[in-house]
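[1] build me a model:
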Amino acid sequence: MRARAKPGPVVFVLVTALVLLGHWIGLAWLQAQLQTIRPLTLMAEPLFTRIIAPTAATLRVAEPKPRHRRVAPPPPPQAKGSADAPIPSTPPALETPSEDAMEAAAPAPDTSAPASEAATDSRSEGVAADPESLPRAGEDWPADTRVSYRMTGYFRGDLYGSGRVQWQRAQDRYQVRVELLTALVLRVSMTSQGQITDAGLVPSDYEEQMPGRRQGVVFEAETLRFQDGTRQLKPYAVQDTASQFVELTRRFSTGREILAVGSQVQVWLARPAGMALWTYDVVAEDTLQTPELGPVQAFHLRPRPIANPRGVITAELWFAPALQYLPVRVRISLGSENFVDLMVERIEQADAPAPTPETQTPGNAAPP
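    Coordinates of the predicted model:
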């Protein structure tokens, strides 16, 4: 019987080279996918110099005048795949929300009242302010602010802990960081970074950190890049879970959005698993019994159900005019009977930043 010929050294070399090349290509592809969402570099902690208390007189917001209410457009086609789906080997085709949906997400002017009446006291009459009379970027944003909360809730048992929303800025850059800490030292954080503009916050990066997991969204010039590598075209004024708190505070405090019982607020929200158009209904003006600040009047915003939700998490928000329109209560539903309830305890602020030469006006210019 004829003996089988043994493969020569050249064959071994070729096979070894092909195996190594295959491993190298696989590792390079995996590394590129893992770097899709880069980790954020946090800003230095600000120095808070004062405690904020409710103002003496709470603004009274009248019932909104009759107006035609637009029906919220259907949400855009969602990016294919999910955070749990396998990462595609090739980039999928870009998907875009409809133009009508993008336009509806932008703050809509109220034409039910004359411009002179709206400019007199836009917040107390429940109408949007004249855009020409609004402050420019940098003049209507709060100083560095930290809102600390007492946390209660239920998740497989009673839940206790603390939370905070911290806003800070450095010239035209911002950072919003939301942190939750339970009594079991379980920490969850959400961080948004980006640019401050006249139109509002423009996120560039959003990151969520949970025990053993980090995921996020990258806001590119025209697209959103999600955790699984998929992309969608970016709607106008899109926000993330963290930036929406400060963005809505600014809209309410300047009159860009109506804050009155019966009104509604729309905002595109991007999260690691996808994007959706959220509509909040202002359902009530509640008196909140806070642990340290006493009774505080706040407007209750409740989200409507969204089509094709990515998960069961929803959040109800309360904004207080007497506390700079900051979010003083946040109730997060986790599905079934599970929830987290954050009630304000303390609000700290830093000194207001000095105006830069670009934002100085004759009335506030520094003396020579």
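
[2] list the contacts of stretch 287-298.
    With contacts defined as CB atoms under 8 Å, 6 or more residues apart in numbering, stretch 287-298 is touched by 53-54, 58, 150, 285-286, 318-323, 328-329, 343-347. In short, each C-beta sits where N, CA and C put it, glycine included.

[3] of these, buried ones?
    Buried by 16 or more other CB atoms under 10 Å: 54, 58, 150, 285, 318-323, 328-329, 343-347, out of the contacts of stretch 287-298.

[4] in strands, which of these appear?
    Among the buried ones among the contacts of stretch 287-298, the ones falling in strands (DSSP state E) are 150, 285, 318, 319, 320, 328, 329, 343, 344, 345, 346, 347.

[5] Throw those into CSV and include pLDDT and distance to residue 226, thanks.
    Below are those laid out as CSV (pLDDT from 0 to 100; distance: CB to CB, whole Å):
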residue, pLDDT, distance to residue 226
150, 97, 33
285, 97, 37
318, 98, 30
319, 98, 29
320, 97, 34
328, 98, 31
329, 98, 30
343, 98, 32
344, 98, 32
345, 97, 35
346, 97, 35
347, 97, 33
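
[6] and of these, the nearest to residue 200?
    Checking these against residue 200 with CB to CB, the nearest one is residue 319 at 15.9 Å.

[7] so that closest one bridges to which residues?
    For residue 319, the beta-bridge partners are residue 299, residue 327 (DSSP bridges).

[8] correct me if wrong: it contacts residue 252.
    Yes - with contact defined as CB atoms under 8 Å, residue 319 reaches residue 252; the gap is 5.8 Å.

[9] list the residues that contact both of these two?
    259, 325.

[10] now do the closest residue in space to residue 238 that isn't next to it in sequence against residue 149, distance only.
    Residue nearest to residue 238 in three dimensions, not counting chain neighbours: residue 268, with 4.0 Å by CB to CB, 6 or more residues apart in numbering. Using CB to CB, to the nearest Å, one gets 25 Å for the distance from residue 268 to residue 149.

[11] please apply the same query to residue 289.
    Per CB to CB, residue 289 is found 14 Å from residue 149.

[12] those two: who's more crowded?
    Ranked by neighbour count (other CB atoms under 10 Å), residue 289 and residue 149 place residue 149 first, with 26 against 10.

[13] give the contact list for that one.
    162, 163, 164, 165, 330, 342, 343, 344, 345.

[14] isn't residue 181 right up against residue 187?
    Yes - assessed by CB under 8 Å, residue 181 is found in contact with residue 187 at 5.3 Å.

[15] for residue 244, which three-state class applies?
    Secondary structure for residue 244, judged by DSSP: H, G, I helix; E, B strand; the rest coil, is helix.

[16] do the same with residue 250
    Secondary structure state of residue 250, per three-state DSSP, is helix.

[17] and the helix or strand hosting the residue nearest to residue 238, C-alpha only, in PDB?
    Using DSSP states H and E, residue 268 sits in strand 264-271. C-alpha atoms of strand 264-271 as PDB (Å, rounded to 0.1, in the frame of the first residue of the first chain):
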ATOM      1  CA  GLN A 264     -48.200  69.500  25.100                       C
ATOM      2  CA  VAL A 265     -44.500  69.300  24.500                       C
ATOM      3  CA  GLN A 266     -42.800  67.200  21.800                       C
ATOM      4  CA  VAL A 267     -39.100  66.200  21.700                       C
ATOM      5  CA  TRP A 268     -37.100  63.600  19.700                       C
ATOM      6  CA  LEU A 269     -35.200  61.400  22.100                       C
ATOM      7  CA  ALA A 270     -32.200  59.200  21.100                       C
ATOM      8  CA  ARG A 271     -31.100  56.300  23.200                       C
END
